[in-house]
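>>> Model the structure of this input:
(one chain, ligands or ions: 1)
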Amino acid sequence: MRKTAFTISIKTALSLCLLASPAVGLAQSVSSIENASSNTQLKRCGTNHPSIKEAVLKEQHFSTLRGSSDINSESHTLRPVGSVSIDVYFHVITDNSNNGALSNSEINSQMAVLNDAYASTPFTFNLVSTSVTANNTWYNVGYNSSAEQSMKNSLRVGDAGDLNIYVAEISDGLLGWATFPSSYSSDPLDDGVVILTGSVPGGDASPYNEGDTLTHEVGHWLGLYHTFQGGCFGRGDYVSDTPAERSAAYGCPVGRDTCTRGRNADGEDPVTNFMDYTDDNCMYEFTEGQATRADEQSSTYRGL
Ligand SMILES: [Zn+2]
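Below you'll find the model as predicted:
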């Protein structure tokens, strides 16, 4: 296991995701989502990230809420490791023949992966309850679908600071999706993370079956963008210690360096970061800057 001075957390799994942020208003069709890698039909993440211009507006709102007029300010003090406990509600969706069922051991293994990934951040995740629902329509839930809406309306519990995780044989070859903290107020029932059943540790979604789809999606739920957000331009993912990256990385192209100039261009692409698109066994870290942003986003928008 590798660890550097800037490594906030370690783990050997990656995940894919589809991050849903309807409030952002950016349409991204599922068909436009790139295949996660050549050796799978799965697509890592369909997250509706904002455009560069929209991201600036969202950042200005964020700055206002946290009492700063400078969107470039990164003066937030990171809370102590393990000091923010998040209650988790796990919702397993099966079909009417019980396909998609997960054992307690599998769920606990997924929770362990999640906690390991965030072990050097303020966040810990506490599984409060698990629900199991047999529903053939929800079992193949698609992103931004009526099935997603009815599933979440029926099952979601808690408030802005509670993490609802839905596990299903989701459609469109996606590994998962999530909502951003800033989206909560406009659509509380939509809030949460959806992941593919086969992405849990030991699942059938190789090379994305080590449990880090959930790690990646929870990163979005806490306020993190993809490491390639904004490409080589602007402030990218609004994290100063993740080198700018022109596009998503697949597989595990260590040493790739796609941005030669612009803010944060120095340094190789952060392909081992949980918020890129690489294989589960390639990504294993968050940076201190990401931990700080997640801390501030979640405290500002989720009251955590
Ligand atoms: Zn994502």
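>>> Is S240 in contact with T292, as I believe?
No - using Cβ atoms under 8 Å, S240 is not in contact with T292; the gap is 9.3 Å. Where C-beta positions appear, they are placed from N, C-alpha and C, glycine not excepted.
>>> What is the burial count for K58?
Applying other Cβ atoms under 10 Å, we find 18 other residues in the vicinity of K58.
>>> re earlier: and S240 and T292? Which one has more around it.
Set side by side, S240 and T292 show unequal neighbour counts under other Cβ under 10 Å, the larger going to T292 at 22 against 17.
>>> A helix includes the more buried one, no?
Yes - according to DSSP: H, G, I helix; E, B strand; the rest coil, T292 belongs to a helix.
>>> For it, give me the pLDDT.
pLDDT, T292: 95.
>>> Which residue comes closest to it once chain neighbours are left out?
L78 (4.9 Å; Cβ to Cβ, 6 or more residues apart in numbering).
>>> and if you look at A249?
Leaving out its chain neighbours, A249 is closest to V271 (Cβ to Cβ, 6+ apart), at 4.3 Å.
>>> do the same with N135
Nearest residue to N135 in three dimensions, chain neighbours excluded: I93, at 6.2 Å (Cβ to Cβ, 6+ apart).
>>> residue ranges for the helices of the chain, please.
Counting by DSSP state H, residue ranges of the helices within the chain are 52-65, 104-117, 136-139, 146-155, 212-221, 288-302.
>>> Quick check on the closest residue to G303 other than its chain neighbours: phi, psi?
Spatially, and ignoring its direct neighbours in sequence, G303 is nearest to G161 (5.3 Å; Cβ to Cβ, 6+ apart). For G161, the backbone dihedrals (degrees, to the nearest 10) come out as phi -90, psi 0.
>>> G161 touches L304, doesn't it?
Yes - the pair G161 / L304 is scored as a contact, 4.7 Å apart, by Cβ under 8 Å.
>>> any residues in contact with both of those two?
Shared contacts of G161 and L304, defined by Cβ atoms under 8 Å, 6 or more residues apart in numbering, comprise 86, 298.
>>> Which one of those two is surrounded by more residues?
Between G161 and L304, L304 has the larger neighbour count (other Cβ under 10 Å), namely 21 against 17.
>>> What distance do you get for the residue nearest to T292 to V200?
29 Å (Cβ to Cβ, to the nearest Å).
>>> More neighbours: the two, which one.
Neighbours around L78 and V200, counted as other Cβ under 10 Å, are more numerous at V200. The numbers are 25 against 17.
>>> Unless I'm misreading it, the residue nearest to A249 sits right up against C252, doesn't it?
Yes - judged on Cβ under 8 Å, V271 makes contact with C252 at a distance of 6.6 Å.
>>> the more surrounded of those two?
Higher neighbour count among V271 and C252: V271, with 25 against 18, using other Cβ under 10 Å.
>>> What does the pLDDT read for Q41?
Here, the pLDDT recorded for Q41 equals 63.
>>> Repeat that for R235.
Predicted confidence (pLDDT) at R235: the value is 88.
>>> Same question for D190.
Reading off the per-residue confidence, D190 sits at a pLDDT of 97.
>>> do A55 as well
Residue-level confidence at A55 comes out at 87, pLDDT.
>>> burial count for it?
Counted by other Cβ under 10 Å, the residues lying close to A55 total 21.
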